[in-house]
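In: Kindly generate the corresponding structure for this input.
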Amino acid sequence: MSGMDMAAFPPPPPRHQRVDGEARIAFGPHGLTDLYQRAPSRLLFPDGAAGSFPEAVSLLTCGGLTGGDRARLSIHIAAGAAATITTQAAERCYRVLPGEADIRIETRIDIGAGGACEWLAQEAILFDRTRLRRHLCATLSGSSKFLAVESVVLGRTAMGETFRQGLIHDSWRIRRDGRLVWADALHAAGDFQALARRPFGFGDARALATLLYAGADAEDHLPLARDLTPGDTAGATSFDGLLILRFLDSDAAGLRAAVVRAAGALRAATLGLSPTLPAVWHC
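Out: Coordinates of the predicted model:
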């Protein structure tokens, strides 16, 4: 083909390879009953401490997420079964280029009658100009128990990084016996520094976390939860079989320490487990 012909038919612009990971895991009363994983989503099964639930560790082998990437995890706990699912490390959400789709992280959890599940996700670290949409949907029975924690770090200040612009949409949906009992969403888009300065904003907080316990005895643990959320940047409430703790901190390490302490105390009080979180939280 001549040079003129090639100029008339320029090659298409290069397309970036995108992550589309998915994992599915199910536990019955006697252990693992189903497992599916598609790269870069992986599930590992470390030996847990004596007396702990069967444990699975979720990880992405891609080293972080950026525009158009998706990661989906489905967890099923059968009636009378129990499991702890955690993540290997903090998840990094990098800059999303203009015109690219948002990063999407979806977690779906189903717990049968008398079942118990822990979802202990380590932090999502947001780099400047990222766009993240994260969704957690849990379907429970009236007699099941569910303990969950998710956190966000708005830029690694220790590394001199600041989350100035971007999008975060972080939503929770909790259903019990088919009824929606809690719907919550954090949405911040655009100039985050300006949003943080508003009266309803984050002030100087650069890390936030939500810890939730769902169970018939949730209200019984409210005094403990309030002991675990002192000061004016944390709080706890209970209603409709739910116990919810919120944390804000200007320091990500400080928030992590508070979350580790609270999650440890609550898993001991509500699920009869060790107050020490799985080993990957301490690596």
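In: Stretch 91-104: end-to-end distance?
Out: Using CA to CA, to the nearest Å, the end-to-end distance of stretch 91-104 comes out at 12 Å.
In: Name all residues that make contact with Ala79.
Out: 29, 112-115, 141 (CB atoms under 8 Å, 6 or more residues apart in numbering). For the C-beta atoms, the positions are set from N, CA and C on the backbone; glycine is no exception.
In: Does it lie in a helix or a strand, and which?
Out: Ala79 belongs to no helix or strand when assigned by DSSP states H and E.
In: how near is it to Phe192?
Out: Ala79 sits 43 Å away from Phe192, going by CB to CB, to the nearest Å.
In: now Ala205
Out: For Ala205, the distance to Phe192 - CB to CB - is 11 Å.
In: The two: who's more crowded?
Out: With neighbours defined as other CB atoms under 10 Å, Ala205 and Phe192 compare such that Phe192 has more, 23 against 16.
In: what sits against the more buried one?
Out: Contacts for Phe192 (CB under 8 Å, 6+ apart) come out as 154, 163-166.
In: how about the helices in the stretch 1-150 of the chain?
Out: Listed in chain order, the helices of the stretch 1-150 of the chain (DSSP state H, counting those that start in this stretch) span 3-8.
In: so where's it uncertain?
Out: Applying pLDDT under 70 to the stretch 1-150 of the chain picks out residues 1-16.
In: go with 90
Out: 1-19, 48-50, 63 (pLDDT under 90).
In: on that earlier part again, derive a PyMOL selection command for the buried subset of the contacts of Ala79.
Out: The following PyMOL line selects those of the contacts of Ala79 that are buried, judged by 16 or more other CB atoms under 10 Å:
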select buried, resi 112+114+115+141
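In: among the contacts of Phe192, which two are most distant?
Out: Using CB to CB, the contacts of Phe192 span at most 11.4 Å, a distance reached by Leu154 and Gln165.
In: quick one, which of the two is more surrounded?
Out: Leu154 (25 against 16).
In: Relative to Lys145, how far out is the more buried one?
Out: Applying CB to CB, the value for Leu154 to Lys145 is 31 Å.
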